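Enquirer: With the sequence up front, the predicted model follows.
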Number of protein chains: 2
Amino acid sequence: MNRSIAPDGSEYFLPNSQETVAEDKKIEEITIAERQKGRKIVTVQGLGFVGCVMAAVVANAETETGEPIYFVHGHQRDSKRSYWKIPVINSGKSPVNSSDPKIPVLFEKCVKEKKTFRATWSEKVYEEADIVVVDIQLDAIKPAFGEAEKGYCDLYAFREGMKTLGRHIKPECLILVETTVPPGTCEQVVKPIIEEEYKKRGINIQSNPPLIAHSYERVMPGENYVASIRDFWRVYSGVNQKSKELAREFLSQVINVKKYPLTELENTNSSEMAKVMENSYRATNIALTLEWARFAEKIGVDIFKVREAIRKRKGTHDNLLRPSLGVGGYCLTKDPVLANWALKEIFQINDSLNVAINSVNINDTMPLHTIDLIKEKYENLKDVKVAVLGVSYLQNLGDTRHSPSKILIKNLKEYWAEVKVHDPYVKSWPEMEDIDIEEKIEDAVAEAEVVVFAVGHDEYKQLEPKELIEKCSCTPLIIDCSNFISDAKIIEYLNLGCQVKGVGKGHIDNLTK
Amino acid sequence: MNRSIAPDGSEYFLPNSQETVAEDKKIEEITIAERQKGRKIVTVQGLGFVGCVMAAVVANAETETGEPIYFVHGHQRDSKRSYWKIPVINSGKSPVNSSDPKIPVLFEKCVKEKKTFRATWSEKVYEEADIVVVDIQLDAIKPAFGEAEKGYCDLYAFREGMKTLGRHIKPECLILVETTVPPGTCEQVVKPIIEEEYKKRGINIQSNPPLIAHSYERVMPGENYVASIRDFWRVYSGVNQKSKELAREFLSQVINVKKYPLTELENTNSSEMAKVMENSYRATNIALTLEWARFAEKIGVDIFKVREAIRKRKGTHDNLLRPSLGVGGYCLTKDPVLANWALKEIFQINDSLNVAINSVNINDTMPLHTIDLIKEKYENLKDVKVAVLGVSYLQNLGDTRHSPSKILIKNLKEYWAEVKVHDPYVKSWPEMEDIDIEEKIEDAVAEAEVVVFAVGHDEYKQLEPKELIEKCSCTPLIIDCSNFISDAKIIEYLNLGCQVKGVGKGHIDNLTK
């Protein structure tokens, strides 16, 4: 079964060795031709959520007279899991689904019109690159639920990626690491690997010290996906002066630096730390809210109205986040772990990032609080029919990575509850393959004794109480995980005979008084 | 010794019973006369940092045609500690020192010109009040250093204050609590006390339910002291509809609500929670920074430059605070404790506000990290001469309440270090009476082996390295507690032969490379 299946079901045969030989030759021809046009060659390593859009943004960078500055090779290994991205991109389409209307336009433009972006599995693309942008995914592994202090970073694939670069790139090529890495990675991991590979190739590392820079992305999938790469603040640094200069030059061409001037830091440790610290800050912000939500529930307070009151203090308090089912996504759940691991393992420091790590633990286990709310009515969850509305980690988006709904559903099932699931944005759920996602809300809620509003998709927020209850065969317990249901609607649900509970919503009992 | 001594040394005899009888009569006459002018009577209970300025702001509230709306009695008990405030205010001066130039103007205007503010010790001022604004100080007591979870709130004085109100006020009088109180206080503490006193006086609490509202201040002593009361967001609620209405009416007259519209919350629990939660948010924000500062110190990173890079993300990250010697002042050090205590003791909930409480512990013990930095050079601190520059809790301000310098100095002395202290804004330090504050920097640093830049007073930030070292008999270790010394100046210090260390400043060793 040497086929790779795209999310839409299309199948692509993996290339054979003959095709690879032909591809290598093609790459060589393209590269020479593009260089003759005066374009610099950029190779993006890894075509995931960040890499593929970054590649398209670079491919669309233009001089003031509208000439493309770069030709971009996107490199992706020919694995069953990911090979399909290559033909999809080369057909002018984006491999990521997004609500940002700029995404399809961007791919169409650089792949089909300008012909400045091409994806491939051939490692030949590293040989002639002037710049390699590293967007390899790097995960934190948390072996025990709620014990992020035991989390670690498996650098194996990342190291292999760096070895590939070290074996192929020209000594003048800049390696620009965009991946969120544990602090210390550029200096202590990338640099020694590249030096070793250079030595093997007989390159003098005194006269040709590796050129390595770090500049982290701040991508937000969603409506402003492209803008979150191109029109946003960038921080960078390099392992030496030349690396910093090359990184600055490149980013200045690609990013909207007129509006978002670059920030240079002294060393890559600083730049790497900035990224994981900013996400740790965010994770801590959220963790605080859960304990206050629990307090609010007990004393007749609506924490969301309190939050709005606090957020009136512009500049100091207006970014206070909200309690919810939990925290998902790719950054806040892992970045504090990467940092804490680096502190202990890369730098051998006898200390801990306790505030950040405790926050990850609180956030990871936050979905259990929603189960506590259900248990206030159903002490024994066995055979209780629960409908979960929403399994992605963000509203109006189909991204299920580290979704808190996963923790909710897994734990409900451990209590032998009968769970049905709906999400208008998620067709398949790779992290939870044994779960069927109902296409229609009615199929999820028909027999439900509990309906959990888990994610703030507009479709759920707009749902009228009458409309929902008509789909149900009884009057279910309604659980609002993050202020998705207005007070007026809560009153309607109560009048329809439902019980309503919500994370941080202690005021519900007073609503009909 | 029945005298009360003002901070400037002036002495005032406490009033005798004859004077009190005369004062009572005077109060009665003034009140009648002021009411005849169509003014409402407001009594402010407690003339501390908030009360005295709030009283002056209320006394300066005017109708659109420039007529004073309120006559304000400021009430302060005739204790040795505080009686002096009464004659000082009545002479048209502010009892608080402030860098805000509006403060003296405000007091002069309402006391001398408009004659709408008068301070007194007579409890008679409660009898005719239409509104009592409660600004009694309420402390959290933390019996063990670094164990804020054992902290509690001693409500004795507050309860006594409420009893006084219950004995005197008219049933139509609104009690507006401005004091930061543990959530639940208005409903569970104030209301029962007032009801009990009303019953004793034969007032029917069914037809005359107590009118109690809560609206917390967000005072920032400093240059915008007055604006932080008048031109700022206000949140309020009341124990019943009438209380909310009266509070809204009053605040609308006194606060600049055109620019800063009021936020009404559902109940006083919500309003009380909003205040302590917003300060807990701030405390947590700071606590996070310390562990990253320690990390930065070990890996060649300047955490302050990283912080600036992170703060570029406007709206989501621009309020990240800075690591420092520690956290002082009146709010962030106690409000999480008030909340945690209320949860356990007022509401008997089996839970904890762990994130907030841990943050207080981290912040309270933060000064010990500065001692660790000193110990990197002086393992044994016995007889080491340390000069501490700055003992207030904020830059360019003389407020020493809960100053982290106190913890620093106490601990240095426990290690038998010889400590000298300087602060241009602090003449006397009530919390540390055994410490002499040198008037001139040279007297503090003359023999110092360690100079700690503890507070960011402009005078210290502007100090030239040469200038400082000329005052010293050796080249001391310089400790920068919160980025008060620029890199250029650090290099100068290094060139002068000093060693320099700083909280979160891991980059110093690289500066001369």
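Expert: Here it is on my side, so go on.
Enquirer: Would you confirm that A:Ile27 belongs to a helix?
Expert: Yes. Assessed with DSSP: H, G, I helix; E, B strand; the rest coil, A:Ile27 lies in a helix.
Enquirer: Verify the stated contact: it with A:Val125.
Expert: Yes. Using Cβ atoms under 8 Å, A:Ile27 is in contact with A:Val125, at 5.7 Å. Every C-beta, even on glycine, is put in place using the N, C-alpha and C of the backbone.
Enquirer: Show me where the stretch 51-200 of chain A has its strands.
Expert: Remark: strands assigned in the stretch 51-200 of chain A by DSSP state E, counting those that start in this stretch are A:70-75, A:117-120, A:131-134, A:140-141, A:152-153, A:174-177.
Enquirer: Off-centre distance for the fourth one?
Expert: Put plainly, it is strand A:140-141. Computed by Cα atoms, centre = their mean, to the nearest Å, the chain-centroid distance of strand A:140-141 equals 14 Å.
Enquirer: What strands flank it, and is each parallel or antiparallel?
Expert: When pairs are called by DSSP bridges, strand A:140-141 turns out to pair with strand A:152-153 (antiparallel).
Enquirer: gap between A:Arg282 and B:Thr316?
Expert: Separation of A:Arg282 from B:Thr316 (Cβ to Cβ, to the nearest Å): 7 Å.
Enquirer: out of those two, which sits in the more crowded spot?
Expert: In this view A:Arg282 and B:Thr316 are compared by other Cβ atoms under 10 Å in any protein chain shown, and A:Arg282 has more residues nearby, 23 against 17.
Enquirer: doesn't A:Leu321 make contact with the more buried one?
Expert: Yes. With contacts counted by Cβ under 8 Å, A:Arg282 reaches A:Leu321, the gap being 7.2 Å.
Enquirer: Return the longest helix in chain A, judged by number of residues.
Expert: helix A:268-298 (DSSP state H).
Enquirer: Just the buried residues of that helix, please?
Expert: By neighbour count on 16 or more other Cβ atoms under 10 Å in any protein chain shown, the buried set for helix A:268-298 is A:268-297.
Enquirer: A:Lys142: neighbouring residues, count only.
Expert: Neighbour count of A:Lys142, defined by other Cβ under 10 Å: 20.
Enquirer: what distance separates the start and the end of stretch A:30-46?
Expert: Using Cα to Cα, to the nearest Å, one end of stretch A:30-46 lies 20 Å from the other.
Enquirer: Pull the distance from it to the chain's centre.
Expert: Distance of stretch A:30-46 from the chain centroid (Cα atoms, centre = their mean) equals 28 Å.
Enquirer: which non-adjacent residue is nearest A:Leu353?
Expert: Using Cβ to Cβ, 6 or more residues apart in numbering or on different chains and skipping the chain neighbours, the partner closest in space to A:Leu353 is A:Asn340 (4.5 Å).
Enquirer: Give the helix, strand or coil label for the one you found.
Expert: Assigned with three-state DSSP, A:Asn340 falls in the helix class.
Enquirer: Now for it, how many residues are close by?
Expert: Residues near A:Asn340, counting by other Cβ under 10 Å: 29.
Enquirer: And the one 10 residues further on, by the same measure?
Expert: Number of residues near A:Asn350 (other Cβ under 10 Å) recorded here: 7.
Enquirer: follow-up on the earlier one: also within reach of chain B: list those from the buried residues of helix A:268-298.
Expert: A:269-271, A:273-274, A:277-278, A:280-282, A:284-285, A:287-288, A:291-292, A:294-296 (Cβ under 8 Å from any Cβ of the partner chain).
Enquirer: of all of the stretch 401-513 of chain A, which residue lies closest to chain B?
Expert: A:His507 (5.7 Å; Cβ to the nearest Cβ).
Enquirer: which residues does that residue contact?
Expert: For A:His507, the contact set (Cβ atoms under 8 Å, 6 or more residues apart in numbering or on different chains) comprises A:300-302, A:305, A:487, B:266-267, B:270.
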